[in-house]
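Q: Here's my sequence, what's the structure:
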Amino acid sequence: MYGTKVSNYPDRFINKEEEITLEENGITIKDLNILINDIIDVSESADILVKGVSVTLGEIPLTTLNKTLSKHLETLEIIKKEIKSLEKRNRLIISKIKKEDDKEKELEKKIKEETKPAGRKTELLYFI
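A: Next up, the predicted model:
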């Protein structure tokens, strides 16, 4: 995981009494691999929802529809848990990516402001 830590969670440490600081190391391929695998897990769970919509209702349509809907709701809960797990396990790399995105947006905004043509200034003339 990105940074130096004791457990699987970047900001939870075994011994709270000791001062432990995170050293920001470069993002490794292992960190990216973990992130990609977590994203794949979430997408596989979401794929169940897509395939569940094409189910035929058969002889007892209301019962089948009820079971399909309840399974979809269960799957949504599973996806929520997987997303929370993904965010916990990859918190540091996600925050680093968000910081980079914010820097890019600020730079684009700054460049846009600098290259914006100066507007024509009009002076209000007051006649007394």
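
Q: looking at this structure, which helix or strand is least sure?
A: Sorting the helices and strands of the chain by mean pLDDT, DSSP states H and E puts helix 29-53 at the bottom, at a mean of 82.

Q: Please work out which residues outside that one touch it.
A: For helix 29-53, the external contacting residues (C-beta atoms under 8 Å, 6 or more residues apart in numbering) are 1-2, 68, 71-72, 75-76, 78-79, 82-83, 85-86, 89-90, 93-94. To be clear about C-beta, it is placed using only N, CA and C from the backbone, and glycine gets the same treatment.

Q: Flag every buried residue along it.
A: For helix 29-53, the neighbour count (16 or more other C-beta atoms under 10 Å) marks 31, 34, 35, 38, 41, 42, 45 as buried.

Q: After that helix, which helix or strand is next? Please name it.
A: Remark: after helix 29-53, the chain's next helix or strand is helix 61-89, criterion DSSP states H and E.

Q: which other helices and strands contact whichever helix or strand comes after that following helix?
A: Sequence-wise, the next helix or strand beyond helix 61-89 is helix 91-115, with elements assigned using DSSP H and E. With contacts taken as 3 or more C-beta pairs under 8 Å, 6 or more residues apart in numbering; DSSP states H and E, helix 91-115 sits against helix 29-53.

Q: what angle sits between the helix it packs on and helix 91-115?
A: 90 degrees (axes from the mean of the first three to the mean of the last three C-alpha atoms, to 10 degrees).

Q: and helix 29-53 with helix 61-89, angle?
A: Using the same axes, to 10 degrees: helix 29-53 against helix 61-89 is 170 degrees.

Q: measure residue 47 to residue 41 for me?
A: 11 Å (C-beta to C-beta, to the nearest Å).

Q: I'd like the distance from residue 83 to residue 30, if you could.
A: The value you get for residue 83 to residue 30, if C-beta to C-beta is used, is 21 Å.

Q: Appreciated, that's everything.
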